[in-house]
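# build me a model from this:
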Amino acid sequence: MSCISGAQYITLVYWSFYVSAIMFVAVVVQISIMQTYLLVCYEEHRWWWRCWALGASTGFFMIMFFINYFILKLKVAHLTTLIVYTVFAGVISLSLSLMTGALALFASFAFNRAIFKKVSID
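Now for the predicted structure:
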């Protein structure tokens, strides 16, 4: 990103963020659908909890990133800085976890609805 200079290239930063966000959503949905398919093949009736946990695990990795950054890079001089950093890290990772968990669960529900709609009842 340090190679980009000038005001005319500032929109490239936003477009790269949009593209990476779309790819992230696509990966979460695809992994959730793959796991749902495998769990349904194994006749596991509690598939929704595992699909939600798979999607919500990104929040766990985000909080691990925040802890790593806190230990290795951040120099805290005041208690207030520590409290604000901890609260913001918790809120960001929790909201990411809930968002991706819900996304994975909705994708799994849609996938199950689609495949069980095709099954004929004889």
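# what stretches of this structure score poorly on pLDDT?
Using pLDDT under 70 as the threshold, the predicted model of the chain has low-confidence ranges 1-10, 120-122.
# which parts of it are helices?
Per DSSP state H, the chain has helices spanning 10-41, 47-72, 79-117. These are given in chain order.
# now those helices as TSV including mean neighbour count?
C-beta coordinates here come from the backbone N, C-alpha and C atoms, glycine included. Compiled in TSV, these are given as follows (neighbours: other CB atoms under 10 Å):
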stretch	mean neighbour count
helix 10-41	13
helix 47-72	16
helix 79-117	15
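# how close does the nearest residue to residue 32 once chain neighbours are set aside get to residue 47?
Excluding the flanking residues, the one nearest residue 32 by CB to CB, 6 or more residues apart in numbering is residue 104, at 3.7 Å. Distance, residue 104 to residue 47, using CB to CB, to the nearest Å: 11 Å.
# repeat that for residue 14.
For residue 14, the distance to residue 47 - CB to CB - is 37 Å.
# how about residue 102?
Where residue 47 is concerned, residue 102 sits at a distance of 16 Å (CB to CB).
# I figured residue 40 hits residue 115, correct?
Yes: using CB atoms under 8 Å as the test, residue 40 is close enough to residue 115 to be in contact (7.5 Å).
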